[in-house]
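*Asks:* Take a look and give me a structure for this.
(one chain, ligands or ions: 1)
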Amino acid sequence: MDILGIDIGGSGIKGAVVDAESGELKTKRQRIPTPDPSTPRAVTGAVTHLVDSFSWVGPMGCTFPAVIRNGIVCTAANVDDSWIGTDATALFERATGCPASIINDADAAGIAEMVFGAGRDQPGVVLMLTLGTGIGSALFVDGHLAPNTELGHIEIDGHDAESRAASSARKREELSWEQWGLRLNRYFQAIEFLLSPDLFIVGGGVSKKSEKFLRHIDVRAPMVVAQMRNHAGLIGGAMAAHALIQGGAEAELDPVHLFER
Ligand code: BGC
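*Replies:* Okay, here's the model as predicted:
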């Protein structure tokens, strides 16, 4: 089934039509900058613009960089505070006329990686961390997602971890790869101590340059780079929408098992 995937991030909004069963992109990916300020009105305008640019009339699967419960945005670390309490599903459906589903961006990327990428057939505790404007997390136990984990916000040395270790911190503070790698090491070690995952998957745009920073990270669990790179969010968003259509609200956040062959 074809679904329009829309991946809303702190810096960019990306869209592409996705074959939700194979994970393949059916169109070129389009990207527009996230409006600043990223109010519900401005972001909805950008989403509508993307939908129109694909002349899309079918279902869409959206991701959003916040805790999402039943379509409601519950936090706003890297988007305008006025999102808190907003029913994003209703907003996007009203504006575009397309049935919508919405889940956390890192959860979406994790779902795509678990089915088609680096986490395929991986049992046990798998933790995907996305390094971007913020740090997103997606935690799986035997392929089941524990949604909305927000592990980018653990406190380390008195700081919100993502404020020092996200990819945006490297750029903002003009850190060398080594300086940033050492911060990431502190972060990954703290997470490993708390959760003892069997596998870490590292995602986000910067994972393209993993050779520059992974060597500074010393953890026990194997660490692999996400395979779907910048497409993971789009694809996972579309997969969640597909699962919602096929299996109802309970399936939306647990699509991995729908794909078991
Ligand atoms: C947000 C998460 C999001 C992550 C990556 C964090 O600041 O709190 O919900 O998944 O950034 O975008």
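*Asks:* For residue 31, grab phi and psi.
*Replies:* Per-residue torsions, residue 31: phi -130, psi 130 (degrees, to the nearest 10).
*Asks:* wait, isn't it in contact with residue 11?
*Replies:* No: applying C-beta atoms under 8 Å, one finds residue 31 not in contact with residue 11, separated by 9.6 Å. C-beta coordinates here come from the backbone N, C-alpha and C atoms, glycine included.
*Asks:* which one is residue 61 nearest to, not counting chain neighbours?
*Replies:* Excluding its sequence neighbours, the residue lying closest to residue 61 (C-beta to C-beta, 6 or more residues apart in numbering) is residue 241, at 3.0 Å.
*Asks:* Please tell me how far the strand or helix carrying that neighbour is from the chain's geometric centre.
*Replies:* Residue 241 belongs to helix 232-247 when elements are defined using DSSP states H and E. Relative to the centre of its chain, helix 232-247 is centred 12 Å away, using C-alpha atoms, centre = their mean, to the nearest Å.
*Asks:* Output that helix as PDB, restricted to C-alpha atoms.
*Replies:* C-alpha atoms of helix 232-247 as PDB (Å, rounded to 0.1, in the frame of the first residue of the first chain):
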ATOM      1  CA  ALA A 232      14.200   5.800   8.000                       C
ATOM      2  CA  GLY A 233      11.700   8.300   9.600                       C
ATOM      3  CA  LEU A 234       9.700   8.700   6.400                       C
ATOM      4  CA  ILE A 235       9.500   4.900   5.900                       C
ATOM      5  CA  GLY A 236       8.700   4.200   9.500                       C
ATOM      6  CA  GLY A 237       6.000   6.900   9.600                       C
ATOM      7  CA  ALA A 238       4.400   5.200   6.500                       C
ATOM      8  CA  MET A 239       4.700   1.800   8.100                       C
ATOM      9  CA  ALA A 240       2.900   3.000  11.300                       C
ATOM     10  CA  ALA A 241       0.100   4.500   9.200                       C
ATOM     11  CA  HIS A 242      -0.200   1.200   7.300                       C
ATOM     12  CA  ALA A 243      -0.300  -0.800  10.600                       C
ATOM     13  CA  LEU A 244      -3.000   1.500  11.900                       C
ATOM     14  CA  ILE A 245      -5.100   1.000   8.800                       C
ATOM     15  CA  GLN A 246      -4.600  -2.800   8.900                       C
ATOM     16  CA  GLY A 247      -4.700  -3.500  12.600                       C
END
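*Asks:* circling back to that earlier point, next, count neighbours for the residue nearest to residue 61.
*Replies:* Taking other C-beta atoms under 10 Å as the neighbour definition, residue 241 ends up with a count of 31.
*Asks:* Residue 27 too?
*Replies:* When neighbours are counted by other C-beta under 10 Å, residue 27 registers 14.
*Asks:* Where does it sit: helix, strand or coil?
*Replies:* coil (DSSP: H, G, I helix; E, B strand; the rest coil).
*Asks:* What residues does it make contact with?
*Replies:* Residue 27 is in contact with 16-17, 54, counting by C-beta atoms under 8 Å, 6 or more residues apart in numbering.
*Asks:* And for residue 193?
*Replies:* Listed by C-beta under 8 Å, 6+ apart, residue 193 has no contact partners.
*Asks:* Can you give me the distance of it to the ligand?
*Replies:* Using C-beta to the nearest ligand atom, to the nearest Å, residue 193 is found at 21 Å from the ligand.
*Asks:* repeat for residue 21
*Replies:* Residue 21 sits 25 Å away from the ligand, going by C-beta to the nearest ligand atom.
*Asks:* Please apply the same query to residue 179.
*Replies:* 21 Å.
*Asks:* Can you give me the neighbour number for whichever residue of the stretch 1-150 of the chain sits closest to the ligand?
*Replies:* Proximity of the stretch 1-150 of the chain to the ligand (C-beta to the nearest ligand atom) peaks at residue 134, 2.6 Å away. For residue 134, the neighbour count with other C-beta under 10 Å is 29.
*Asks:* Could you chop the protein up by domain?
*Replies:* Domain assignment for the chain by automatic domain parsing gives 2-107+230-260, 121-227.
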